[in-house]
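Student: Predicted structure and sequence below. I'll ask about it afterward.
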Amino acid sequence: MARLALQSSDWVSVDDWESQQPDWTETVVTMRYHYGRVAAQHCCNKGPPTTSDVPQLKLLCGADFMDSFKVPGLWTDEHIEEVVGRFGLVCVSRGSLQPDRAIHESDLLSKHRPSIFLVREWVHNEISATEIRRALRRGHSVKYLLPDSVIEYIREHKLYTQDSEMKNKDVKLRPLTKQVILD
């Protein structure tokens with residue numbers, strides 16, 4: 001779907017590494033992989049890096065994602081520390097969510113506040129992947145919210161229907177079960 005959505009872009013690319021993994025992959029593992037690729041390309045193209053021109057990788061997320069740091073068992077402190085402290089976040093405001101408050105209420109996020117960039121939307125946009133999935137599940141149109149090719153892919157593969165959503169109704173989220181296994 002990502003390839004279809006970005007097929008007309010000449011500056012954004014898609015990497016399918018994460019989707020090729022045999023199991024759910026923690027965000028921090030994916031970020032390490034991408035940072036390694038960017039750093040390898042950077043060092044080979046320019047010679048030895050200086051501290052001022054080491055590449056940076058930031059996690060772009062919505063304010064709802066930052067709130068996920070508070071979900072018990074979803075993130076380890078070590079992973080939050082690495083994602084926010086080593087890489088950093090670019091967090092886009094969303095609706096009534098308050099990323100400033102999430103930062104203030106978390107000692108770990110407050111510690112790394114200089115690595116968190118908040119982007120305030122001047123035009124209120126409540127569109128999110130969650131809202132699009134909800135609309136699809138309810139049989140509502142998402143025309144003009146997604147490229148036609150993505151809508152067609154979703155229909156062909158019967159994604160985000162009431163039936164497909166019910167298949168996993170009682171299944172515990174993989175990140176939560178993985179944390180239990182690791183403990």
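Tutor: Done, it's in.
Student: buried ones in the lengthiest helix in the chain?
Tutor: For the chain, the longest helix by residue count, based on DSSP state H, is helix 27-46. For helix 27-46, the neighbour count (16 or more other Cβ atoms under 10 Å) marks 27-28, 30-32 as buried. Glycine gets a C-beta too; all of them are placed from N, C-alpha and C.
Student: Can you redo the residues you listed as TSV, where the extra columns are pLDDT and distance to Ile154?
Tutor: Shown next, in TSV, are the buried residues of helix 27-46 (pLDDT from 0 to 100; distance: Cβ to Cβ, whole Å):
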residue	pLDDT	distance to Ile154
Thr27	93	24
Val28	95	29
Thr30	95	23
Met31	95	27
Arg32	95	30
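Student: could I get the residues you listed as JSON lines with distance to Ser106?
Tutor: What follows is those, written out as JSON lines (distance: Cβ to Cβ, whole Å):
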{"residue": "Thr27", "distance to Ser106": "16"}
{"residue": "Val28", "distance to Ser106": "17"}
{"residue": "Thr30", "distance to Ser106": "22"}
{"residue": "Met31", "distance to Ser106": "19"}
{"residue": "Arg32", "distance to Ser106": "22"}
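Student: between these, which is nearest Arg3?
Tutor: Thr30 (17.2 Å; Cβ to Cβ).
Student: pLDDT at the residue nearest to that closest one when sequence neighbours are not counted, what is it?
Tutor: Among residues not flanking Thr30 along the chain, Glu18 sits closest, at 5.0 Å (Cβ to Cβ, 6 or more residues apart in numbering). pLDDT for Glu18: 92.
Student: isn't Glu18 right up against Glu26?
Tutor: No: the pair Glu18 and Glu26 does not pass the contact test of Cβ atoms under 8 Å, sitting 10.1 Å apart.
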